[in-house]
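Asks: Next one to model:
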Amino acid sequence: MSKQQSENQDERRNAILQAAFTLFGQVGYTKATMKEIAAKAGVAQGLIGYHFTTKETLLVEVVREWMINRGMKEALQQLDMSAQPAALLQQALQHVVEFRKTNPEWFTLLISLWTESVSNEKLAHELVKLYQEMKSGIRLIIDRLDLPLDEGEKETFAVLIQAVFDGLTLQSPVLLSAQPLSHEQVSRGIGWMLSGMKSPNGEHKNQNKLHLNKGDQTK
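Replies: Got it, this is the predicted structure:
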């Protein structure tokens, strides 16, 4: 295959991913058809099967593209790794918030994958792999924070950060939450976690309680 042919193949593949992202995000995975995706991408329907084999595989690759190849990659490129721990995590959080705003289809797309994975073992396996990839990216950040945590605790903290990101996604549609958590509220919550980690062992619980009480007073 020549360089030009390879570039054309990449362009068509990317066009399919973009079309699937838009349609899965607008009408959901179940309602979007391969015919509609092909039409929106401007390619023959058979070309989707050539690149992705099945609709399930296409869904997984779309989520991987926006979660890992774009979301995580862009975040790592933009973060100031020399910043203090709280500032670095707030930068990451702000990136997630902005990503959700500029990619409104992401909510329906991710919910589609979660929902389909409940009754589809193959998709469930792929979802686990996607989250492992995302956690690896989060670990790159955590490992640079110089926190007093062992390996197991860092894994737990990475999962906790993932849960925060997913929580923000779940609250994206206004109809689902009249008062979704703001960036400032979540940033303060992350500050509580970091402060608790840095506290002396004897004051750990009291320190956390103090921060939580302060947070409650600001509501």
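
Asks: Flag the shaky bits of this protein, pLDDT-wise.
Replies: Residue ranges of the chain with pLDDT under 70: 1-6, 169, 171-191, 193-219.

Asks: per-domain residue ranges of it.
Replies: 3-181, 182-219 (automatic domain parsing).

Asks: For the longest one, what is the distance to the chain centroid?
Replies: Mean-position distance between domain 3-181 and its chain equals 5 Å (CA atoms, centre = their mean, to the nearest Å).

Asks: ok, now which ones touch the residue most central in space within the chain?
Replies: For the chain, residue 67 is the residue whose C-alpha lies nearest the centre (CA atoms, centre = their mean; 4.9 Å). Counting by CB atoms under 8 Å, 6 or more residues apart in numbering, residue 67 makes contact with 110, 130, 133-134. Placement of C-beta: from N, CA and C, glycine included.

Asks: Pick out the most distant pair among those residues.
Replies: Within the contacts of residue 67, 110 and 133 form the most distant pair, 14.3 Å apart (CB to CB).

Asks: Tell me which of these two has more neighbours.
Replies: Here residue 110 and residue 133 are compared on neighbour count by other CB atoms under 10 Å; more neighbours surround residue 110, at 21 against 14.

Asks: That one is in what secondary structure piece?
Replies: Element membership for residue 110 (DSSP states H and E) is helix 106-118.

Asks: Can you tell me which helices and strands that helix packs against?
Replies: helix 3-27, helix 55-64, helix 85-102, helix 121-142, helix 151-170 (3 or more CB pairs under 8 Å, 6 or more residues apart in numbering; DSSP states H and E).

Asks: coming back round to it: which of the domains of the chain has the highest mean neighbour count?
Replies: Among the domains of the chain, domain 3-181 has the highest mean neighbour count (mean count of other CB atoms under 10 Å), at a mean of 16.

Asks: before we move on, back to that, for the helices and strands packed on helix 106-118, give me TSV that also has distance to residue 35.
Replies: As requested, the helices and strands packed on helix 106-118 are exported to TSV (distance: least, CB to CB, whole Å):
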stretch	distance to residue 35
helix 3-27	11
helix 55-64	11
helix 85-102	28
helix 121-142	22
helix 151-170	29
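
Asks: Which one of those helices lies nearest to residue 46?
Replies: The nearest among the helices and strands packed on helix 106-118, by CB to CB, is helix 3-27 at 11.5 Å.

Asks: and the angle for the helix or strand following that closest one with helix 3-27?
Replies: Once helix 3-27 ends, the next helix or strand along the chain (criterion: DSSP H and E) is helix 34-41. Interaxial angle of helix 34-41 relative to helix 3-27 (axes from the mean of the first three to the mean of the last three CA atoms, to 10 degrees): 120 degrees.
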